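In: everything below, folded, please.
(2 chains)
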2 protein chains.
Amino acid sequence: MATLVAPDKTSPVEDVEALHKACKVRKTQSTMATLVAPTNHSPIEDAEALRKAFKGWGTDEKTVIAILGHRNVYQRQQIRKAYEQLYQEDLIKRLESELTGDFERAVYRWMLEPADRDAVLAHVAIKNGRKGDNVIVELACALSSEEVLAMRRAYHNRYKRSLEEDVAANITGHLRQLLVGLVTSFRYGGHEINAILAKAEADILHKSIKEKKGNHEEAIRILTTRSKTQLMATFNRYRDDHGTSITKKLLDHESDDLYKAMHTAIRCLNDHKKYYEKVLRHAIKRIGTDEDALTRVVVTRAEKDLRDIKELYYKRNSVHLENDVAKEISGDYKNFILTLLGKQD
Amino acid sequence: MATLVAPDKTSPVEDVEALHKACKVRKTQSTMATLVAPTNHSPIEDAEALRKAFKGWGTDEKTVIAILGHRNVYQRQQIRKAYEQLYQEDLIKRLESELTGDFERAVYRWMLEPADRDAVLAHVAIKNGRKGDNVIVELACALSSEEVLAMRRAYHNRYKRSLEEDVAANITGHLRQLLVGLVTSFRYGGHEINAILAKAEADILHKSIKEKKGNHEEAIRILTTRSKTQLMATFNRYRDDHGTSITKKLLDHESDDLYKAMHTAIRCLNDHKKYYEKVLRHAIKRIGTDEDALTRVVVTRAEKDLRDIKELYYKRNSVHLENDVAKEISGDYKNFILTLLGKQD
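Out: Take a look at the predicted model:
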């Protein structure tokens, strides 16, 4: 008698692809990530050390950073599990009560599983109204199709509603069409390019941007459904045919919410690392640091491609990201962010 | 050293839910399915018997039906694998060359994995233009969120494009918004009902239907994003407040493509079994049977809930579905469809 419970429907091709992807992600993480994590760690010892750090008056934040700032997503889940088993207490809840301010928020986001974290970010963004549109667009366009899907699943679990129904609820017209279209799309991930289509759709985009009060439905259709590879070809074609990049052209109308959202979407779809570099730059250089944006980029990309983003930052600003960050923020928050940026202790 | 390859991201909650669902599906299949399949079968013997049936002049269709008409989705995949290994030939391709007409099409659809079959059905529907809209809507609304997703994944694999980009390509306006919204939605599957929302949105739907040339964006938003449970509450509220069902009201405008699609969507979302009963009734009772529709419903529901649909058919028509089917179609196609309907040999 077999005990294995297997789904009735399986796709061997998809399983192989998923396994291949899982292996690839690992490899990617080791070269482009900034997170420094040991290959061996004991979840139980980590949980015990954290418990000790919480004991008595005040919290030993250094220990919290030394442990959690050096554990990958899998290891953090293991620690959370071990902590729960040892002390019948949710580690994340305990961290929330022990820590404060930007440091607390950063650790909280860091501790969540990526898909769950993305769902939280999306939810906060929706509650921010028009000010949060850029984060919705960023999540929908910078994440992979599978990651967007995982976020939507996590959103169901956490909020008992679909992401799209909350996104759709408080907007109307073209902006709604664009945002809902972006969060619901499941783009094809292959690398085929249709050059004729790229030319035709570059023209459609050009027309749509020119006519300020025009009908933008075709532009929205293109941006919300085509594969990233196809869109890159379209954006390149745009530049070739019209002598300027489509994002530059969109900047002429930056006061308009729809154009702003299209601008963000195109930047994220075209080159999300360059986009993140700019988010970091703006977060740091403006008067009064934007800690939310800084935390968001560092926490979401530290295990993915923050090393590349750091390099882009250095190229663009001639200063290392760590140096700029160190000047602008302070205390435990600073130590934690610098740790995720790969600072060796 | 561990050899297990596990994804970096896992959600224990989702895994438990998926396992629970897998068990539930099994149970459901045994009570609501019409397919009669043995618990034990030998894929190799089945493959050998099929090979023999293909040999010589003509094909032994009876054997093909006796085997494939009595194997569940997992067993059919096993047979296909065994056949490939034994004879270095794809069983589905061979079946296509051995069989003809409606019988061939039915066996072909039956042999595909469900998600892949749904992708094929969607693709055929898209190529049919406006005539295929009802099938697109049916797939998007009668399937579960997870099944829609599996179809979209299969569509990527098979056509190297996203389902939504093909759906969006040849329509405009509200009809596009509705169809794209339906195929891209990932509805929340929980059973929470917000009664205040149901009342408010029943009113919005009422207004939207009344104003024939009105703005239907809000109605589209509701139909494309809300959970099925919430929508059922909304439709019930509509009937309470307006003295008639929303589908009846929509029938006043049945010549309009948008209203037709909304009508189909509401029927599928509200009670997909009753919807399928009607599809079967129309396919059989019209002059010249609609074999495509008959095949589609029988093949896609035989392992799910065709027993319930058959009961509804008997209640509505006072004739058993099998009897009506037997009168309208003939030959191997008839034998195959009756087998899937649960006829004991």
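
In: identify the residues contacting residue A:59.
Out: Residue A:59 is in contact with A:53, A:98, A:99, counting by CB atoms under 8 Å, 6 or more residues apart in numbering or on different chains. Where C-beta positions appear, they are placed from N, C-alpha and C, glycine not excepted.

In: also residue A:87?
Out: Applying CB under 8 Å, 6+ apart to residue A:87 gives the contacts A:47, A:51.

In: just confirm residue A:268 contacts residue A:135, I think it does.
Out: No. If you go by CB atoms under 8 Å, residue A:268 and residue A:135 don't touch, sitting 10.8 Å apart.

In: so those two - more neighbours on which side?
Out: Set residue A:268 next to residue A:135 and count neighbours by other CB atoms under 10 Å in any protein chain shown: residue A:268 wins out with 24 against 21.

In: which helix or strand contains that one?
Out: Residue A:268 is located in helix A:257-270, with elements delineated by DSSP states H and E.

In: for that helix, packing partners?
Out: Contact partners of helix A:257-270 among helices and strands, from 3 or more CB pairs under 8 Å, 6 or more residues apart in numbering or on different chains; DSSP states H and E: helix A:133-142, helix A:173-184, helix A:217-225, helix A:228-242, helix A:246-251, helix A:272-285.

In: dump the last one to CSV, restricted to CA.
Out: Same thing as helix A:272-285. Taking only C-alpha atoms (Å, rounded to 0.1, in the frame of the first residue of the first chain), the coordinates of helix A:272-285 have been written out as CSV:
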residue,chain,number,x,y,z
HIS,A,272,14.3,46.4,-13.2
LYS,A,273,17.9,46.7,-11.8
LYS,A,274,18.3,50.2,-13.2
TYR,A,275,14.9,51.1,-11.9
TYR,A,276,15.8,49.9,-8.4
GLU,A,277,19.1,51.9,-8.6
LYS,A,278,17.0,55.0,-9.2
VAL,A,279,14.6,54.2,-6.4
LEU,A,280,17.6,53.9,-4.0
ARG,A,281,19.1,57.1,-5.3
HIS,A,282,15.9,59.1,-4.8
ALA,A,283,15.3,57.6,-1.4
ILE,A,284,18.8,58.6,-0.2
LYS,A,285,19.3,61.9,-1.9
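
In: could you export whichever helix or strand comes after that helix as CSV, CA atoms only?
Out: Moving toward the C-terminus from helix A:272-285, the next helix or strand (DSSP H and E) is helix A:291-301. Provided in CSV are the C-alpha atoms of helix A:291-301 (Å, rounded to 0.1, in the frame of the first residue of the first chain):
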residue,chain,number,x,y,z
GLU,A,291,13.2,54.8,4.7
ASP,A,292,10.3,52.8,3.3
ALA,A,293,11.7,52.8,-0.2
LEU,A,294,15.2,52.0,1.0
THR,A,295,14.0,49.1,3.2
ARG,A,296,11.8,47.8,0.4
VAL,A,297,14.5,47.6,-2.2
VAL,A,298,17.2,46.2,0.2
VAL,A,299,15.0,43.6,1.8
THR,A,300,13.4,42.4,-1.4
ARG,A,301,16.5,42.3,-3.5
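
In: outside of helix A:291-301, which residues touch it?
Out: For helix A:291-301, contacts defined as CB under 8 Å, 6+ apart pick out A:102, A:105-106, A:109-110, A:114, A:117-118, A:121, A:135, A:276, A:279-280, A:282-284, A:306, A:309, A:325, A:329, A:333, A:337, A:340-341.

In: what subset of those is buried?
Out: Neighbour counting by 16 or more other CB atoms under 10 Å in any protein chain shown classes A:102, A:105-106, A:109-110, A:114, A:117-118, A:121, A:135, A:276, A:279-280, A:283-284, A:306, A:309, A:325, A:329, A:333, A:337, A:340-341 among the contacts of helix A:291-301 as buried.

In: tell me which entries of those residues lie within helices.
Out: Of the buried ones among the contacts of helix A:291-301, the ones assigned to helices by DSSP state H are A:102, A:105-106, A:109-110, A:114, A:117-118, A:121, A:135, A:276, A:279-280, A:283-284, A:306, A:309, A:325, A:333, A:337, A:340.

In: circling back: got TSV for the contacts of residue A:59, with pLDDT, secondary structure and neighbour count too?
Out: Output for these, formatted as TSV (pLDDT from 0 to 100; DSSP: H, G, I helix; E, B strand; the rest coil; neighbours: other CB atoms under 10 Å in any protein chain shown):
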residue	pLDDT	secondary structure	neighbour count
A:53	95	helix	19
A:98	95	helix	17
A:99	95	coil	21
